[in-house]
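A.B. asks: predicted model follows, preceded by the sequence.
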Amino acid sequence: MEFFGFQIDVSETVYPPSEDSELAFRTFLKCMKMIKNKDIKILDMGTGSGVLGLLAASQDNVSDVVFADVNNEAITMAMHNFDVNREKIKSKCSFVNSDLFSNIEGFFDIILFNAPYLISSKEDGNLHTAISGGLSGVELTIKFLTQSLQHLNYGSYAIIIASSLSDLNNLKRTILSMPFLLLDERKLHFFFEDIVALLLVRS
C-alpha cells in the first residue's frame with residue numbers, strides 16, 4: 001500500500017498504516033515546527049510496519065530514528081519497508097526489539113507511540129498485542145508515559161494515540177499528575193468513536 005508517498009508492505013501479524021497513523025503523522029509535523037535544532041532524534045515506539053519512523057526519517061532535520069517493537073515480526077517488517085524506501089531516508093536508522101523501553105538507551109527529542117488503545121480481551125497473538133491497551137484501553141499508554149520520562153529531556157515531546165472507547169478521562173488525569181503539559185489534542189471522528197492524538201511536552 002502507499003502512504004504519504006511511501007510503499008508500505010504489511011502482514012497479518014503486524015499493524016498496518018491506518019487513519020490513526022495519519023493523525024499521528026500530522027501531529028508529528030506540527031511538533032517538528034516547535035523544534036529549532038537540526039539534529040532531531042526520534043523514537044518510534046510500537047513501530048509496527050515502521051511507517052511513522054520512515055516518515056520521520058525522511059525529514060531534513062532528523063538525524064536519528066530508532067524503530068522499536070515488542071513483536072519481532074514487526075521489526076522484520078519495518079526493516080523490509082526501510083529497504084523498500086531507502087532512497088527517501090535522510091537519517092540514521094536503527095531497529096530494536098523491545099518491550100516498551102526495556103532495550104532502549106539514550107534520550108530523544110520526540111517519542112512517537114501509536115499506542116494500542118482498544119480494551120483488552122483474553123485473546124493471544126501478535127496482532128492482538130498491537131491493538132489491545134489493557135483492561136480499560138489505557139494501561140499500556142500510562143506505563144509508556146511513566147517509562148518515557150527516563151528518555152525525554154525537559155522540553156522534549158511525546159505523541160500518543162488514544163480512543164474515546166477507552167478510559168480517555170483517566171489517561172488525561174494521569175497526564176496532569178505527571179511532569180507533562182498537554183500542548184495539543186487532535187481528533188478524528190468516526191460514527192462510533194473518536195481517535196485522539198495528544199501532543200505532550202516534558203515539563
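C.D. replies: Cool, the structure landed.
A.B. asks: pull the contacting residues for the closest residue to residue 109 other than its chain neighbours.
C.D. replies: The shortest distance from residue 109 to any residue that is not its chain neighbour, by CB to CB, 6 or more residues apart in numbering, is 4.7 Å, and that residue is residue 40. Where C-beta positions appear, they are placed from N, C-alpha and C, glycine not excepted. When the contact criterion is CB atoms under 8 Å, 6 or more residues apart in numbering, the partners of residue 40 are 32, 59, 61-63, 109-110.
A.B. asks: make JSON lines out of those and add distance to residue 98, secondary structure and neighbour count.
C.D. replies: Formatted as JSON lines, the entries for the contacts of residue 40 read as follows, by distance: CB to CB, whole Å; DSSP: H, G, I helix; E, B strand; the rest coil; neighbours: other CB atoms under 10 Å:
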{"residue": "32", "distance to residue 98": "24", "secondary structure": "helix", "neighbour count": "18"}
{"residue": "59", "distance to residue 98": "23", "secondary structure": "coil", "neighbour count": "16"}
{"residue": "61", "distance to residue 98": "25", "secondary structure": "coil", "neighbour count": "14"}
{"residue": "62", "distance to residue 98": "20", "secondary structure": "strand", "neighbour count": "25"}
{"residue": "63", "distance to residue 98": "20", "secondary structure": "strand", "neighbour count": "16"}
{"residue": "109", "distance to residue 98": "19", "secondary structure": "strand", "neighbour count": "22"}
{"residue": "110", "distance to residue 98": "17", "secondary structure": "strand", "neighbour count": "23"}
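A.B. asks: which element is residue 169 on?
C.D. replies: For residue 169, the host element (DSSP states H and E) is helix 168-176.
A.B. asks: the chain: strands as residue ranges?
C.D. replies: 2-3, 6-7, 40-45, 62-69, 92-97, 108-113, 118-119, 132-134, 152-163, 180-189, 194-202 (DSSP state E).
A.B. asks: in the longest one, what's buried?
C.D. replies: So that's strand 152-163. Within strand 152-163, the residues that qualify as buried are 152, 156-163, counting by 16 or more other CB atoms under 10 Å.
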